[in-house]
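Undergrad: Requesting a structural model of the entry that follows:
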Amino acid sequence: RDYVNPMRERPRPAGGDVAYTSENILAQLRTYNRIRDVGGPACVSDIYVKDPNPGAAPGGGDRVFWFVGKAARCSGVTPGAAVARLRNLIE
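TA: The predicted structure follows:
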């Protein structure tokens, strides 16, 4: 029997255009670059998430944040709304 990559047997993940797939990640990158090119630095935000494990910080502190990516948004869209739309890609 021929080898079949197990990834090919899996169904597409839920989430539509923000599901965690290679195609969607590349499309998001292109969109990010276009918005940044037009809107400049004011339209770009870094995204950090808080570590869910208490005491994960050096010395036992509870404030560890991890950089998970960047988001670009059009005028009128808040940074929070942009991050909420990208949640499937961030998780």
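Undergrad: How many residues are close by residue 43?
TA: Applying other Cβ atoms under 10 Å, we find 19 residues neighbouring residue 43. Backbone N, C-alpha and C define where each C-beta goes, glycine included.
Undergrad: who's in contact with the lowest-mean-pLDDT helix or strand in the chain?
TA: Counting by mean pLDDT, DSSP states H and E, the chain has its least confident helix or strand at helix 87-90, which shows a mean of 74. Residues from elsewhere that reach helix 87-90, judged by Cβ atoms under 8 Å, 6 or more residues apart in numbering: 13-15, 18-20, 24-25, 28, 47, 49, 68-69, 83.
Undergrad: In CSV: these, plus secondary structure, pLDDT and neighbour count.
TA: Converted to CSV, the contacts of helix 87-90 look like this (DSSP: H, G, I helix; E, B strand; the rest coil; pLDDT from 0 to 100; neighbours: other Cβ atoms under 10 Å):
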residue, secondary structure, pLDDT, neighbour count
13, coil, 73, 12
14, coil, 76, 9
15, coil, 76, 14
18, helix, 72, 18
19, coil, 79, 14
20, coil, 78, 13
24, helix, 82, 17
25, helix, 83, 13
28, helix, 82, 18
47, strand, 86, 17
49, strand, 83, 14
68, strand, 82, 15
69, strand, 81, 16
83, helix, 84, 17
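Undergrad: So residue 12 is in contact with residue 22, correct?
TA: No. Counting by Cβ atoms under 8 Å, residue 12 stays clear of residue 22, with 11.5 Å between them.
Undergrad: Any regions of this protein where pLDDT drops low?
TA: Residue ranges of the chain with pLDDT under 70: 1-10, 54-62, 91.
Undergrad: so where do the strands sit in it?
TA: 44-50, 65-72 (DSSP state E).
Undergrad: Now do the same contact list for the residue lying closest to residue 67 once chain neighbours are set aside.
TA: In this structure, residue 67 finds its nearest non-sequential neighbour in residue 48, 5.6 Å apart by Cβ to Cβ, 6 or more residues apart in numbering. Contact partners of residue 48, counting by Cβ under 8 Å, 6+ apart, are 65, 66, 67, 68.
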